[in-house]
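1. sequence isn't available, so here's the structure alone:
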């Protein structure tokens with residue numbers, strides 16, 4: 001189902017403000033890696049926000065996700081202060097790992113291997 005214009009607007013607002021909250025809480029650069037908010041998808045009733053986190057060079061992404069969830073109250077309070085005037089109710093936040101970067105890197109490795117294998121085969125036939 002297609003997201004409505006309002007869902008996209010609220011998702012964008014939450015993504016921008018949550019990125020700032022993460023930066024202020026020190027979550028954007030952790031242990032030599034980076035965490036960014038890849039996307040925020042809102043439910044049609046705007047009461048739930050699915051937040052997709054992209055983790056680059058984080059040793060244990062699942063552990064980091066748990067650390068973020070442990071500070072959920074603090075995150076929601078900071079976000080509520082920022083978006084409270086624009087929203088009637090603060091949506092419930094649910095965090096997920098966005099594995100798009102991992103997928104891209106795996107695909108690049110596969111293509112590189114295919115290209116190498118292909119060049120070896122062509123080299124053997126000549």
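-> Okay, I see it. Since we're looking at a predicted model, the values are computed, not measured. Residues are numbered from 1 along each chain as shown.
2. how many other residues sit next to residue 18?
-> As a burial measure, residue 18 scores 24 neighbours (other Cβ atoms under 10 Å). Using the backbone N, CA and C atoms, a C-beta is placed for each residue, glycine as well.
3. can you tell me the SS state at it?
-> At residue 18, secondary structure determined by DSSP: H, G, I helix; E, B strand; the rest coil is helix.
4. ok, it touching residue 38?
-> No. Contact criterion Cβ atoms under 8 Å: residue 18 and residue 38 do not qualify, at 11.4 Å.
5. pull out the buried residues from stretch 74-91.
-> 75-76, 78-79, 83, 90-91 (16 or more other Cβ atoms under 10 Å).
6. for those residues, which one is nearest residue 33?
-> Checking those against residue 33 with Cβ to Cβ, the nearest one is residue 75 at 18.8 Å.
7. leaving out the residues flanking it, which one is nearest to the closest one?
-> Nearest residue to residue 75, sequence neighbours excluded (Cβ to Cβ, 6 or more residues apart in numbering): residue 21, at 6.1 Å.
8. for that neighbour, what are its contacts?
-> Counting by Cβ atoms under 8 Å, 6 or more residues apart in numbering, residue 21 makes contact with 75, 78-79, 82.
9. now render those as CSV, adding distance to residue 27, secondary structure and pLDDT.
-> Output for the contacts of residue 21, formatted as CSV (distance: Cβ to Cβ, whole Å; DSSP: H, G, I helix; E, B strand; the rest coil; pLDDT from 0 to 100):
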residue, distance to residue 27, secondary structure, pLDDT
75, 9, helix, 93
78, 11, helix, 93
79, 13, helix, 94
82, 15, helix, 92
